[in-house]
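1. I need the structure of the sequence given here:
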Amino acid sequence: MEQYVIKGGTPLVGEVEIAGAKNAALAILAAAIMTDDTVLIENLPDVRDINVLLEAISEIGAKVDRINKSTVKINGSTITDISVDYEYIKKIRASYYLLGALLGKYKHAEVPLPGGCDIGSRPIDQHLKGFRALGAEVDIDHGAIIAKADELRGNHIFMDVVSVGATINVMMAASMAPGRTIIENAAKEPHVVDVANFLNCMGANIKGAGTDVIRIRGVEKLHRAEYSIIPDQIEAGTFMFAAAATGGDITVKNVIPKHLEATTAKLLEIGCIIDEYDDAVRVRAGKKLHRTHVKTLPYPGYPTDMQPQIAITLTMAEGTSIVTESIFENRFKYVDEINRMGASIRVEGNTAFIEGGKKLKGARVSAPDLRAGAALVIAGLAAEGITVVDDIVYIQRGYECFEQKLRSLGATIERVSTEKEIQKFKLSVG
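-> Numbering: from 1, shown residues only. Next up is the predicted model:
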């Protein structure tokens with residue numbers, strides 16, 4: 001099992017290039033199989049989740065040609081199997097996007113119930129409700145979702161809760177369902193818009209993505225397209241908080257500043273200096289960080305995927321901060337780990353009370369999930385002494401070349417796999 005070993009206490013300074021958005025890429029790769037023509041997708045992040053999904057797509061018979069680490073060609077004309085293997089689903093939750101893609105194209109899909117990070121209950125009832133509204137029969141049998149239809153038809157669908165996954169999955173299936181579909185209370189996240197734009201490039205007729213009402217007129221078939229994925233707002237935000245936590249000065253490049261507004265607003269509140277450019281954002285830590293309150297909400301609110309990063313930064317800010325998690329109930333599993341580094345966070349229900357102004361000390365900690373793992377790395381970079389982060393397989397699911405990018409900013413961090421390597425690192429950094 002690999003770990004990160006970190007010597008903290010150095011401000012991170014410099015420029016970092018942000019990769020394509022993982023959450024958009026996963027859905028776009030699934031949607032790419034909906035045409036029999038060849039689709040070219042650029043600006044893919046080179047992370048584990050993407051590689052696993054490409055394996056799953058190849059396994060059902062599609063042709064996958066990885067041109068380089070950020071570019072792939074996919075041709076879905078050779079698909080022979082509408083049943084996805086459990087081995088892929090248990091590794092990444094987003095494999096469920098193959099449900100909407102296969103159902104839209106073939107009117108039949110079989111996908112095991114999904115896995116991914118254990119950050120709490122993420123029911124798929126809205127996905128199933130949407131598929132049924134489009135005319136599919138949906139059953140769960142032996143741990144798999146089986147969706148079938150003689151034909152799909154457009155319908156009016158009201159989402160009971162705002163769900164990014166359900167909005168995207170139903171949008172994909174509806175894009176090839178004759179008639180008109182209206183999705184109300186739809187998710188508005190940038191990656192929902194990106195998937196809609198990609199489907200439209202393939203000939204779909206989708207309007208309103210980015211608002212809470214999406215209107216779709218079904219088309220008979222989709223065609224070839226070339227598409228570049230949007231930058232990853234969560235990777236960008238993670239480096240922005242790394243600047244704040246370490247007292248650094250980082251320019252994050254290849255971003256869409258509009259997508260970062262909720263994160264930028266909180267960084268300004270806690271005392272950072274922000275400069276925005278057309279496709280970059282510079283974050284300079286203030287002399288002192290200040291307390292704040294934050295509540296996670298669907299876009300354009302503060303993202304749940306940025307909650308651990310701000311919470312760990314607030315352990316170093318003056319005063320008492322309150323962080324309320326309204327999306328996932330298990331998102332505070334990192335608290336015991338960060339408290340071992342000298343933080344003072346108390347969790348009651350879905351709220352964390354953070355007593356700030358603490359000096360973090362290096363310790364051995366374990367990444368409980370993707371975003372919390374990245375936040376613990378930030379903590380290690382800000383702490384005095386040596387920090388070892390275990391279970392970094394979670395972090396590798398969503399961050400491309402994470403340690404290399406951090407080293408380019410002046411971080412002292414290595415990826416290791418044995419206790420001997422950890423000891424060697426400790427000796428080398430004194």
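
2. What is the neighbour count of the residue nearest to residue 38 when sequence neighbours are not counted?
-> Take residue 38 and drop its neighbours on the chain: the residue closest to it by Cβ to Cβ, 6 or more residues apart in numbering is residue 75, 4.5 Å away. (Glycine included, C-beta is placed from N, CA and C.) Neighbourhood size, residue 75 [other Cβ atoms under 10 Å]: 18.

3. OK, contacts around residue 75?
-> Neighbouring residues of residue 75 by Cβ atoms under 8 Å, 6 or more residues apart in numbering: 36-39, 62-63.

4. Among those, name the buried ones.
-> Those of the contacts of residue 75 that meet the buried threshold are 37-39, 62, by 16 or more other Cβ atoms under 10 Å.

5. in the sheet, who's paired with the residue nearest to residue 38?
-> Assessed by DSSP bridges, residue 75 has beta-bridge partners residue 38, residue 63.

6. Give me the pLDDT for it.
-> If you check residue 75, the pLDDT there is 98.

7. Same check on residue 95?
-> 82.

8. Can you tell me, leaving aside adjacent residues, what's nearest to it?
-> Among residues not flanking residue 95 along the chain, residue 89 sits closest, at 4.6 Å (Cβ to Cβ, 6+ apart).

9. Isn't residue 42 up against residue 71?
-> Yes: Residue 42 lies in contact with residue 71 (Cβ atoms under 8 Å); the separation is 5.1 Å.

10. hang on, residue 74 packs against residue 29?
-> Yes: counting by Cβ under 8 Å, residue 74 touches residue 29, with 7.0 Å between them.

11. Counting neighbours, go ahead and name the busier of the two.
-> Under the criterion of other Cβ under 10 Å, the comparison of residue 74 against residue 29 puts residue 29 first, with 27 against 24.

12. helix, strand or coil for the more buried one?
-> helix (DSSP: H, G, I helix; E, B strand; the rest coil).

13. helices and strands of this protein: which one bottoms out on pLDDT?
-> Every helix and strand of the chain was ranked by mean pLDDT, DSSP states H and E. The lowest is helix 86-89, at a mean of 74.

14. Need the residues that contact that one.
-> Applying Cβ under 8 Å, 6+ apart, the contact partners of helix 86-89 are 52-53, 55-56, 59, 95-96, 111-115, 143-144.

15. ok, now how distant is residue 75 from residue 62?
-> Per Cβ to Cβ, to the nearest Å, residue 75 is found 6 Å from residue 62.

16. Nearest residue to residue 78 in space, ignoring adjacent ones along the chain?
-> Closest residue in space to residue 78, ignoring its immediate chain neighbours: residue 61 at 5.1 Å, by Cβ to Cβ, 6+ apart.

17. Identify the residues contacting that neighbour.
-> 78-81.

18. Tell me where the stretch 1-150 of the chain is predicted with low confidence.
-> Applying pLDDT under 70 to the stretch 1-150 of the chain flags residues 115-122.

19. Restricting to C-alpha, output stretch 63-71 in CSV.
-> The C-alpha trace of stretch 63-71 is given here as CSV (Å, rounded to 0.1, in the frame of the first residue of the first chain):
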residue,chain,number,x,y,z
LYS,A,63,-13.1,0.4,-29.1
VAL,A,64,-11.0,2.5,-26.8
ASP,A,65,-7.9,4.1,-28.3
ARG,A,66,-5.8,6.0,-25.7
ILE,A,67,-3.9,8.5,-27.9
ASN,A,68,-2.1,10.0,-24.9
LYS,A,69,-2.8,10.5,-21.2
SER,A,70,-5.3,13.3,-21.9
THR,A,71,-6.8,12.2,-25.2
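
20. So which elements touch the strand or helix carrying residue 263?
-> Under the criterion of DSSP states H and E, residue 263 resides in helix 261-269. Here helix 261-269 touches helix 233-246, strand 273-276, going by 3 or more Cβ pairs under 8 Å, 6 or more residues apart in numbering; DSSP states H and E.

21. quick check: angle from the helix or strand following the longest one to helix 233-246?
-> Tracing the chain C-terminally past helix 233-246 and defining elements by DSSP H and E, one meets strand 249-253 next. Direction vectors for strand 249-253 and helix 233-246, defined by axes from the mean of the first three to the mean of the last three Cα atoms, to 10 degrees, enclose an angle of 170 degrees.

22. How far does strand 249-253 sit from its chain's centre?
-> Centroid separation for strand 249-253 versus its chain: 20 Å, with Cα atoms, centre = their mean, to the nearest Å.

23. can you map out the helices along the stretch 301-430 of the chain?
-> 307-314, 335-339, 370-382, 393-396, 402-408, 419-428 (DSSP state H, counting those that start in this stretch).

24. so can I have a markdown table of those helices showing mean pLDDT and mean neighbour count?
-> Output for the helices of the stretch 301-430 of the chain, formatted as a markdown table (pLDDT from 0 to 100; neighbours: other Cβ atoms under 10 Å):
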| stretch | mean pLDDT | mean neighbour count |
| --- | --- | --- |
| helix 307-314 | 98 | 29 |
| helix 335-339 | 98 | 20 |
| helix 370-382 | 98 | 28 |
| helix 393-396 | 94 | 20 |
| helix 402-408 | 98 | 18 |
| helix 419-428 | 96 | 13 |
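
25. Name the nearest residue to residue 287, sequence neighbours excluded.
-> Residue 287 sits nearest to residue 271 (Cβ to Cβ, 6+ apart), 7.7 Å away.

26. Actually, residue 139.
-> Counting by Cβ to Cβ, 6+ apart, residue 146 is the residue found nearest to residue 139 once chain neighbours are left out, at 5.1 Å.

27. what are the pairing partners of the host helix or strand of that neighbour, and which direction each?
-> Element membership of residue 146, judged by DSSP H and E, is strand 144-148. When pairing is defined by DSSP bridges, strand 144-148 lines up against strand 108-112 (antiparallel), strand 137-141 (antiparallel).

28. Mind jotting down where the strands sit in the stretch 151-300 of the chain?
-> For the stretch 151-300 of the chain, strands defined by DSSP state E, counting those that start in this stretch occupy the ranges 156-158, 180-184, 205-207, 213-217, 225-228, 249-253, 273-276, 280-284, 293-295.
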